[in-house]
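**Q** Would you be able to build a 3D model of this:
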Amino acid sequence: MVENNLGIAFTFAAYLLLMLGIGVVAYKRTTNLSDYILGGRSLGPWTSAISAGASDMSGWLLLGLPGAAYLSGLSASWIAVGLLVGTWLNWLIVARRLRVYSFTSGDSLTLPEFFANRFRDKSHVLRVVSAIFILMFFLFYTSSGLVAGGKLFETVFGFDYIVAVTIGTIAIISYTFFGGFLAVSWTDLIQGLMMVVALLIVPIIAMTELGGIGASGSQILAENPDMLSWFVDASNGETLTAIGIISSLAWGLGYFGQPHILARFAGIRSADDIPKARRIAVTWSGLCLVAAMAVGILGTVYMTRDLGDGETIFMVMVNAIFHPVIAGVLLAAILAAVMSTADSQLLVSSSALTDDFYKAILRKDAGQNELVWVGRFAVIGIAVIAYLLAMNPDSTVLGLVSYAWAGFGAAFGPALIMALFWRRMNTAGALAGIVVGGVTVVVWAEMSGGIFDLYEIVPGVILAYIAIVVASLATAEPNDEITAEFDNINNA
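**A** Prediction:
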């Protein structure tokens, strides 16, 4: 393990200074709340696609997934399959419709504001309830990123875990505080490209040193015959159950409700850019997911099998393969993955507090400069709470992400899909879907292992769709203004 290595430390410092520099540039272009939250809807296809993927995958891509593959082998890839399909469907079904509808419906800047404007909810109940769920689940999601950052600095430099988490948190807060959405999106583009390059280089070199594809496969099978089985968990030799496979594939359902990903759809400069962005996003995701699985599986024969924490396998392989300076660049990709998601989550949470609480309820006449600064200080407050949640060094990145991912997927996914495509849906249906989906995830997760070990997103999504339909049909139809707007969008 490399401790206090000057080469790696220099690389990390240069990377962090670059991110802060981008934050300063974005700060100069941020003049109002729309700029801070959505970058003035100015993202091009490359920036929107790569930043959406980078903010989505997070440290989970370089820690959680390789760690799962290191322990369970190819059977862990069902999650990756679900995520890749979910990425494609999200860009195909949701992206264009949300970009057009969010702008047409009162130039909505946040997901809660879109729901409120879509259904003309003047009571603010729909907006506030949505914002509450965003804040609750993003605290866990952001915490997962800080845990990943802590593991990075702890493994590479030998820092105490608490010190490591603190360093990562301060770095992320700095450029998100100043630059807002533009800083987050621009840095995510750089970070996403770093992630895919790092993930591709490591397994290619490891496989070459092991003697190629055939020789690598033979060594892996000799180590554990179950490592290359789709249907057997290599960690215990047990055959995967249908519920286990469904639970893994169901990760793909979460995409439709992730506010930080949906913000990229709303922020793209034109709906005409979406087909190109979709191709870029799906290609990037596919390459990253395959490479992450390869890192974990190859790591079982390239490195020792007694790692204390399987989620450090990528870091350990990088240290073993490369010169310290190159290792520093590649390990900075992990920091990039962590930062690209945590910054997006902090921004969306800040947006919920600023636009959906402060502006909507407390200070309806607040000026743009005031709102931007409220958003900036909200970033600090939310980050501090997430930091406190990340203090447990035994936390796993995958565990924290899976809970938050399910929460967003069930609370907002069905409500958004139905809001975009069902004419009869009303405020009661939206509220019922968000509450039932979110609460189901919380209750299901609190059960010991869940019922039948089924991932909580599955019952959450199913019950949310049922709640939306039942509540909408049991209450009054939306008024003519709402249906006319829906028809205009539908015919556009």
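**Q** OK, contacts around P478?
**A** Neighbour list for P478: 119, 423-426, 486 [criterion: Cβ atoms under 8 Å, 6 or more residues apart in numbering]. For every residue, glycine as well, the C-beta is placed using N, CA and C.
**Q** For it, which three-state class applies?
**A** Secondary structure, DSSP: H, G, I helix; E, B strand; the rest coil: P478 is coil.
**Q** Can you tell me how far it is from D272?
**A** The gap separating P478 from D272 is 29 Å, by Cβ to Cβ, to the nearest Å.
**Q** picking up where we left off before, now which of the contacts of P478 would you call buried?
**A** Buried members of the contacts of P478, counted by 16 or more other Cβ atoms under 10 Å: 119, 425-426, 486.
**Q** re earlier: now intersect the contacts of P478 with the helices, please.
**A** With helices defined by DSSP state H, the entries of the contacts of P478 inside them are F486.
**Q** closest to M303 among the contacts of P478?
**A** Checking those against M303 with Cβ to Cβ, the nearest one is M425 at 51.9 Å.
**Q** I'd say that closest one and A419 touch.
**A** Yes: between M425 and A419 a contact is recorded at 6.0 Å, counting by Cβ atoms under 8 Å.
**Q** shared neighbours, those two?
**A** Shared contacts of M425 and A419, defined by Cβ under 8 Å, 6+ apart, comprise F119.
**Q** Next up, the contacts around W78.
**A** By Cβ under 8 Å, 6+ apart, W78 lies in contact with 230, 240, 244-245, 248-249.
**Q** Quick check: S55 touching H260?
**A** Yes: look at S55 against H260 with Cβ under 8 Å: they come within range, at 5.0 Å.
**Q** if we can go back for a sec, kindly reformat the contacts of P478 as TSV containing pLDDT.
**A** TSV is the format used below for the contacts of P478 (pLDDT from 0 to 100):
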residue	pLDDT
F119	97
R423	97
R424	97
M425	98
N426	97
F486	97
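**Q** closest to I321 among the contacts of P478?
**A** For those, the nearest to I321 is M425 (52.9 Å; Cβ to Cβ).
**Q** Surely A234 is in contact with Y70?
**A** No: in this structure, A234 is not within contact of Y70 by Cβ under 8 Å, at 9.3 Å.
**Q** what stretches of the stretch 151-300 of the chain score poorly on pLDDT?
**A** 172, 174-185, 187 (pLDDT under 70).
**Q** Tell me where it has strands.
**A** Per DSSP state E, counting those that start in this stretch, the stretch 151-300 of the chain carries strands over the ranges 232-233, 238-239.
**Q** Could you check how far the residue nearest the centre of the chain is from L473?
**A** Nearest residue to the geometric centre of the chain (Cα atoms, centre = their mean): D56, 2.8 Å. According to Cβ to Cβ, D56 and L473 sit 34 Å apart.
**Q** With S55 instead?
**A** For S55, the distance to L473 - Cβ to Cβ - is 36 Å.
**Q** what's the answer for Y141, then?
**A** Separation of Y141 from L473 (Cβ to Cβ): 33 Å.
**Q** So for those two, which residue has more residues nearby?
**A** Shown here are Y141 and L473; by other Cβ atoms under 10 Å, Y141 has more neighbours (29 against 13).
**Q** one step back: quick one: which of the contacts of P478 is nearest S218?
**A** M425 (55.7 Å).
**Q** List the contacts of the closest one.
**A** Shown in contact with M425 (Cβ under 8 Å, 6+ apart): 119, 418-419, 468, 472, 478.
**Q** farthest pair in the residues you listed?
**A** Spanning the widest gap among the contacts of M425 are I468 and P478, at 13.1 Å by Cβ to Cβ.
**Q** closest to A222 among the buried ones among the contacts of P478?
**A** Out of the buried ones among the contacts of P478, the member with the shortest distance to A222 (by Cβ to Cβ) is M425, at 56.4 Å.
**Q** May I have the phi/psi pair for the closest one?
**A** Main-chain torsions, M425, degrees, to the nearest 10: phi -60, psi 140.
**Q** Without its sequence neighbours, what residue ends up closest to G286?
**A** L84 (5.7 Å; Cβ to Cβ, 6 or more residues apart in numbering).
**Q** D365 should be in a strand, yeah?
**A** No: counting by three-state DSSP, D365 is not part of a strand but coil.
**Q** Number of residues surrounding it?
**A** For D365, the count of nearby residues is 6 (other Cβ under 10 Å).
**Q** The one 10 residues further on now?
**A** Each residue near G375 was counted by other Cβ under 10 Å, and the total is 27.
**Q** Which strand or helix spans it?
**A** G375 is part of helix 368-389, with elements assigned from DSSP states H and E.
**Q** Pull out the buried positions in the very next helix or strand once past that helix.
**A** Note on helix 368-389: by DSSP H and E, the next helix or strand toward the C-terminus is helix 397-421. Across helix 397-421, burial judged by 16+ other Cβ under 10 Å covers 397-398, 400-420.
**Q** What residues of the next helix or strand after helix 397-421 count as buried?
**A** Downstream of helix 397-421, the next assigned helix or strand under DSSP H and E is helix 427-446. Buried positions in helix 427-446, judged by neighbour count with 16+ other Cβ under 10 Å: 427-442, 444-445.
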